[in-house]
Every structure is written in structure tokens, then in C-alpha cells.
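S.K.: Fold the following, please.
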Amino acid sequence: MAMPSTLALPGKLDSLYAFMDFATSCARELGFGSERIGEVELSLEEVLVNIIKHAYKECGIEGNITITCKQDAAQNLVIEIADSGTPFDISSAREPDISLDIEERQVGGLGIFFVKKLMDDVRYKREDNQNKLTLVVNNPHSSSDKQ
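M.R.: Alright, predicted model coming up:
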């Protein structure tokens, strides 16, 4: 698979595994190990399910999700996710209070927390009536990776 590479599919749960297979193939091609690929899968699943559920389904909106995988100048994997659903800036989500007992915690928010912790960089912008989320996964051959 040549980089950059793009996949666009309907923003429905039926598309979830095709998106995840696409992104993990990109990571594998760049030499990421199975542990790091698992972190990419977990993060991507969280992001995509949130888009499908909250940006589209709950709002009665239909649309596509487009994922582009590419490398930046430092040879890191950059996964760009675009959707035309309801605006949501992941960076504005409150951090969950993980010090509370499970019974005392508010429902939700842990998935976004994990995405922010597992990915090396997470950026959001609203552009051309689209949510554009960028996940950066450091090159596994650099000394600053999380692998």
C-alpha cells in the first residue's frame, strides 16, 4: 500500500472493521509491532464508534467517514479522520476522574482519555463543515516511541 492512502465509507458500524483493517495495515507496513498496532486499533475503534454514534446516528445525520494514512517528515504514522457530522472537539472533552471508585464515576469519557494517552499526538480542527481529527503514532524505529 502506497502512502498516503485513503479509505472513505459510510459512517455506520458496518464499516468499522474495514476502517480498522485499513489503518492497521498502514501501521504494519511502517513496521509497527503488535502491541503498538493494538493501541492504534483501540484508539481508532473508540474514535469511530463515537463518530458513528454521536456525530451521525443520534443526530439523525448520515454521511461518510474518510480515513487517510500517511507519514510525516519524521516518518511517523499520521491518521487523519474526517466526518461531516455534528462538531465535536476531542481536546475539549473533560478528563475523567479516575481516582474515584467505579461506582462513583460518571459514565463516558474513558475512551477519549485512552485515545489521548495511547496516541503520541491528537489534534482536532473544524474545516469545510467537517470534523478533522489527526492521530499521530511515533515511528517505532525512533527513540521517542511508546512501543
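S.K.: same for the worst-scoring helix or strand of the chain on mean pLDDT, what does it pack against?
M.R.: Ranked by mean pLDDT, DSSP states H and E, the weakest helix or strand in the chain is helix 110-118, scoring a mean of 85. If contacts are counted by 3 or more C-beta pairs under 8 Å, 6 or more residues apart in numbering; DSSP states H and E, helix 110-118 sits against helix 34-50. No exception for glycine: its C-beta is placed from N, CA and C like everyone else's.
S.K.: any idea of the pLDDT on the most centrally placed residue in the chain?
M.R.: Centroid check for the chain by C-alpha atoms, centre = their mean gives L44 as the closest residue, at 3.8 Å. We have a pLDDT of 96 for L44.
S.K.: wait, what's in contact with it?
M.R.: 19-20, 23, 79, 81, 135 (C-beta atoms under 8 Å, 6 or more residues apart in numbering).
S.K.: among those, who's most crowded?
M.R.: Among those, A23 has the most neighbours (other C-beta atoms under 10 Å), with 27 neighbours.
S.K.: I figured that residue hits I65, correct?
M.R.: No: A23 is beyond contact range of I65, at 11.7 Å (criterion: C-beta atoms under 8 Å).
S.K.: what stretches of the protein score poorly on pLDDT?
M.R.: 1-3, 93-110, 142-147 (pLDDT under 70).
S.K.: can you give me the strands for it?
M.R.: 5-10, 64-71, 77-83, 121-127, 130-137 (DSSP state E).
S.K.: Would you convert the ones you listed into TSV that also reports distance to S34?
M.R.: TSV is the format used below for the strands of the chain (distance: least, C-beta to C-beta, whole Å):
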stretch	distance to S34
strand 5-10	21
strand 64-71	18
strand 77-83	15
strand 121-127	22
strand 130-137	14
